[in-house]
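Enquirer: what shape does this take:
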Amino acid sequence: QPHVVESGGGLVQPGGSLRLSCAVSGLNLDYYGIGWFRQAPGKEREGVSCINSSDGDIRYADSAKDRFTISRDSAKNTVHLQMNSLKPEDTAVYYCAARFRKCVMDPYDYDYRGQGTQVTVSS
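Expert: Coordinates of the predicted model:
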């Protein structure tokens, strides 16, 4: 049974940084795209970033460009999301998910999802 587990969330001041991790077991990431998504209270879940191991394709939402960086640690079957220059509007539960073959920015079009990790940006 595949498992997707997020970690690294927490409370950070505006302008600070966090590094989220998505640990995947039971799946070969060579054949899966990994996406990061977030959902703020009262808002729809939205795509943040995704990465395809097969062709190295990386995508970012406009809100994440120039501040967030997605990367893959092949040895640990883990995908990281480095978030810098955090803003209060980045406050949300962050989820990662795995999709067979290629990632997409649609958060509902994935095969396996984690339970999420809370990110709170506040002074």
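Enquirer: just the pLDDT at the residue nearest the centre of the chain, thanks.
Expert: The residue lying closest to the centre of the chain (Cα atoms, centre = their mean) is W36, at 2.4 Å. In this prediction, W36 carries a pLDDT score of 98.
Enquirer: just K76 next, same as before
Expert: The model's pLDDT for K76 equals 88.
Enquirer: list the contacts of it.
Expert: For K76, the contacting residues are A23, by Cβ atoms under 8 Å, 6 or more residues apart in numbering. Bear in mind the C-beta positions are built from the backbone N, C-alpha and C, glycine included.
Enquirer: would you list the phi and psi of it?
Expert: phi -110, psi 0 (degrees, to the nearest 10).
Enquirer: my guess is the residue nearest to the centre of the chain contacts M83. True?
Expert: No. Using Cβ atoms under 8 Å as the test, W36 is too far from M83 to be in contact (9.4 Å).
Enquirer: intersection of neighbour lists for the two?
Expert: Common neighbours of W36 and M83, counting by Cβ under 8 Å, 6+ apart, are L20.
Enquirer: hmm, back to that, which residues touch the closest residue to the residue nearest to the centre of the chain other than its chain neighbours?
Expert: Spatial nearest neighbour of W36, excluding adjacent residues (Cβ to Cβ, 6 or more residues apart in numbering): V48 at 4.4 Å. Under the criterion of Cβ under 8 Å, 6+ apart, the neighbours of V48 are 35-38, 60-61, 63-64, 68, 81, 94.
Enquirer: try 7 Å this time
Expert: Counting by Cβ atoms under 7 Å, 6 or more residues apart in numbering, V48 makes contact with 36-38, 61, 64, 68.
Enquirer: cool, P107 as well?
Expert: Counting by Cβ under 7 Å, 6+ apart, P107 has contacts 37, 45-47.
Enquirer: separation between the nearest residue to it once chain neighbours are set aside and V4?
Expert: The shortest distance from P107 to any non-neighbouring residue, by Cβ to Cβ, 6+ apart, is to F37 (4.0 Å). For F37, the distance to V4 (Cβ to Cβ, to the nearest Å) stands at 12 Å.
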